[in-house]
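Novice: Predicted structure and sequence below. I'll ask about it afterward.
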Amino acid sequence: MILVVNAGSSSLKIEVFDHDLTSLLTGSVTNIGTDGTIKLGDMRRDVNTADHAQALALMIEALKVAGITIEKLTAAAHRVVHGGTILVEPARITPQVITAIKNVTPLAPLHNPNNLAAMLAFQDMAPDLPQYASFGTAFHATNPDVATRYAIPQTQHDAGIRRYGFHGLSYAHLAESFGTDLPHRLLAFHLGNGASLCAILDGKSIATSMGYSPLSGLTMGTRSGDIDGAAVLRISAALGEAETERMLIQNSGLQALAGDNDMRSLLNRDDDAARFAVDHFCYWAARHAGSAIVAMGGLDAVVFTGGIGENAGPIRDKIMTHLACFGDVPVHVIAADEEKQIARDALALMDAGY
C-alpha cells in the first residue's frame, strides 16, 4: 500500500492506494495550529494539533486503528507545491532532494515547509520506509524558454523570477487518463477556486496560464488573475505590500465581482453582479485559451477538470461558445485526482528500482 500525503498550509490530507491504484481510504486533519478535526473514513473527532508533524502522528495512529500500520505500507508519497527549475520530475526522497526542496522554499513559503515537515516526520517514525515526492510545477518544465521568460533583466531572471505554472499534477493525471487516445493538441482547463489552463502538445505542457505564482492568468474564486504590474504598484503604495497581497489573493476574483466565490451560488443567482462575474470568468478563460491554442498551432480537443470544470455544465458551455471560432472539437470531462497521480509517480519510481 502507498500512503499519499498532501500537507497544505493549515491542513493535512492522506489517501491510501493499493498497487493497482485503487483508493482504499481517505482522511484529513484540518485547522492545524488551532482547534480542528481529524477524519478518516467514517471516523471523525475534534483535535488540537500544534504542527504538521503532530497532525501526521495522529493520522498514523488513526490508520493503525483502521488496520493500516506503517509496516503494511510500501511507500509514502508526498505532494510538493514547488520544485523550481531543479526538481522537474518525481523523485525518491534523499538528503539531496530535501536540500533542493529547502532551496526553493522562497518560491512557495506557505507550502514547501509543510511538505518537508511531513517527510521529516516520516523519517523519524519509519526511517526505512521509502518516500517519494511529486512536484506541482514539474509538468510545466517542458515549456520552452520563450514561454517561461519574462522580459526583465537577467539578474532578476537568475534570481528565479520566471513563469513556472501550477496544477501540474492535475494536468499530468488527465493526460494519463486518455491513455493511447490522448489528442495531439489538447487544451486543458483546471477550473476550481483556483483556475488555470494548459496547452498540452503530444502529452507535454508547452504553455500555461499561471506564472511566477498561482495569482496570474484566469479570473479565479478569490484571486484576481492577470493584473498590470503598474496597477499593483499603485495599489501597494496606497495599501501597503501585505494588504495588497491579501487583497489580490483572498479578496479579488469572483469574490470581488459578486461578493461570493462559490460558482454554484453565482449560477443560481439572478442579479447583474452574479451574471457579470460568471461572464468575466468565462470570457477570460476563453481569452487565455486563444493564447494556448496559438502555442499549440491549433486545437484537437478540450478537457475540463476541477470542481467547476467537472460540475458546472453552464460554465463549460459558455467557454466553448467563445471558442466556437476554432471549430467543433470533442469536449471531455475528467475528474481531478492529484493523489492518484502522486501514487502513480511513486509506483513508477519503485518499478524502476528507486
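Specialist: Good, I have the coordinates.
Novice: Strands of the stretch 201-350 of the chain, start to end?
Specialist: Ranges of strands in the stretch 201-350 of the chain, per DSSP state E, counting those that start in this stretch, are 204-208, 301-305, 331-333.
Novice: Nearest residue to the middle of the protein?
Specialist: Central residue of the chain (Cα atoms, centre = their mean): residue 167, 3.4 Å from the mean position.
Novice: name the element the closest residue to it other than its chain neighbours belongs to?
Specialist: Nearest residue to residue 167 in three dimensions, chain neighbours excluded: residue 190, at 4.5 Å (Cβ to Cβ, 6 or more residues apart in numbering). Placement of C-beta: from N, CA and C, glycine included. For residue 190, the host element (DSSP states H and E) is strand 185-191.
Novice: per-domain residue ranges of this protein.
Specialist: When the chain is parsed with automatic domain parsing, its domains come out as 2-135, 180-338.
Novice: Start and end of the first one, how far apart?
Specialist: Distance between the two ends of domain 2-135: 17 Å, counting by Cα to Cα, to the nearest Å.
Novice: now do the longest one
Specialist: Terminal residues of domain 180-338 are spaced 20 Å apart (Cα to Cα).
Novice: Stretch 171-189 now?
Specialist: Start-to-end, stretch 171-189 (Cα to Cα) is 9 Å.
Novice: ok, residues contacting it?
Specialist: Applying Cβ atoms under 8 Å, 6 or more residues apart in numbering, the contact partners of stretch 171-189 are 138-139, 190, 195-203, 205, 208, 285, 289, 292-293, 296-306, 309, 319, 330, 332, 334, 336-338, 340-341, 344.
Novice: Which residue ranges of the stretch 151-300 of the chain form helices?
Specialist: For the stretch 151-300 of the chain, the helices defined by DSSP state H, counting those that start in this stretch cover 154-158, 168-178, 229-239, 241-250, 253-258, 263-268, 272-296.
Novice: To residue 13, which of those helices lies closest?
Specialist: Nearest of the helices of the stretch 151-300 of the chain to residue 13, taken as Cβ to Cβ: helix 168-178 at 13.1 Å.
Novice: Could you give the separation of the closest one from the chain centroid?
Specialist: From the chain centre to the centre of helix 168-178 is a distance of 12 Å (Cα atoms, centre = their mean, to the nearest Å).
Novice: For residue 275, give me its contacts.
Specialist: So residue 275 contacts residue 269 (Cβ under 8 Å, 6+ apart).
Novice: Distance-wise, check it relative to residue 281.
Specialist: 11 Å (Cβ to Cβ, to the nearest Å).
Novice: repeat for residue 161
Specialist: Distance from residue 161 to residue 281, counting by Cβ to Cβ: 28 Å.
Novice: Between these two, tell me which one has more neighbours.
Specialist: Per other Cβ atoms under 10 Å, whichever of residue 161 and residue 281 has more neighbours is residue 281, with 28 against 15.
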